[in-house]
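Engineer: Build me a model:
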Amino acid sequence: MTRITLALALALAALVALPACGGKKDEGGAAKTTEGGKAVEGAKEAPKAAAAPAMDAPALWTDYNAPGQDGMALMKKWENGVVVTGTVKNTITEEAGNMSVWLDGGDKHNVTLGFKDDGKAAKEKGIKKDDKVTAQCSIGGSDGNNMMMLTDCELK
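Structural biologist: Numbers count the residues shown, from 1 in each chain. Down below sits the predicted model:
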């Protein structure tokens, strides 16, 4: 039933959006059309993405894994990623040479960092157990028990 409701809501949203195409104006009165791939005079710029929230690894674990979370709400809440700070529990270098860092998520939980550069910057900085690190990442998910995965991380 939930899937049907979601599908209907998405279809309705698409139908409502259709009349906005073809030269209509937004609330501010700026044109939304393009001519020959170029923006029409007076068109507004797209709003800038919100900044990623900053928090420590235990707070992130607790917030993301709170009981009764709605998956769609989580996707929206964390769409801009997170800037996470934490204490390194472990580093792992794979056979291929890529490195990941595990942060202490509190209460025996782990927050793992997978890096865009495969851990090159972490290796260069010599990150090791008990170091404090900060990284901006996307949320990859959680098993809800003891591991949360962050992806596309960049050290700060």
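
Engineer: What ranges in this structure fall below the confidence cut-off?
Structural biologist: Within the chain, the set of residues satisfying pLDDT under 70 comprises 1-49.

Engineer: can we see that at 80?
Structural biologist: 1-50 (pLDDT under 80).

Engineer: which residues in it form strands?
Structural biologist: With DSSP state E as the definition, the chain shows strands at residue ranges 34-35, 38-39, 54-56, 82-93, 99-104, 110-115, 132-142, 147-155.

Engineer: who wins for proximity to Leu74 among these?
Structural biologist: Closest to Leu74 of the strands of the chain, according to C-beta to C-beta: strand 132-142, at 7.9 Å. In short, each C-beta sits where N, CA and C put it, glycine included.

Engineer: could I get that closest one in CSV with only the CA atoms?
Structural biologist: Extracted as CSV, the C-alpha positions of strand 132-142 are listed here (Å, rounded to 0.1, in the frame of the first residue of the first chain):
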residue,chain,number,x,y,z
LYS,A,132,41.5,12.7,15.7
VAL,A,133,40.3,13.1,12.1
THR,A,134,37.7,15.2,10.3
ALA,A,135,36.3,14.3,6.9
GLN,A,136,33.4,15.4,4.7
CYS,A,137,31.5,12.3,3.4
SER,A,138,28.3,11.0,1.9
ILE,A,139,26.3,8.6,4.0
GLY,A,140,26.5,5.0,2.6
GLY,A,141,24.2,3.4,5.2
SER,A,142,24.3,1.4,8.4
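
Engineer: Residues contacting it, please?
Structural biologist: Residues outside strand 132-142 that contact it (C-beta atoms under 8 Å, 6 or more residues apart in numbering): 52, 61, 64-65, 74, 78, 81-88, 101, 103, 113-115, 122, 127, 148-156.

Engineer: Lys125 against Lys156, yeah?
Structural biologist: No - under the criterion of C-beta atoms under 8 Å, Lys125 is not in contact with Lys156, lying 11.2 Å apart.
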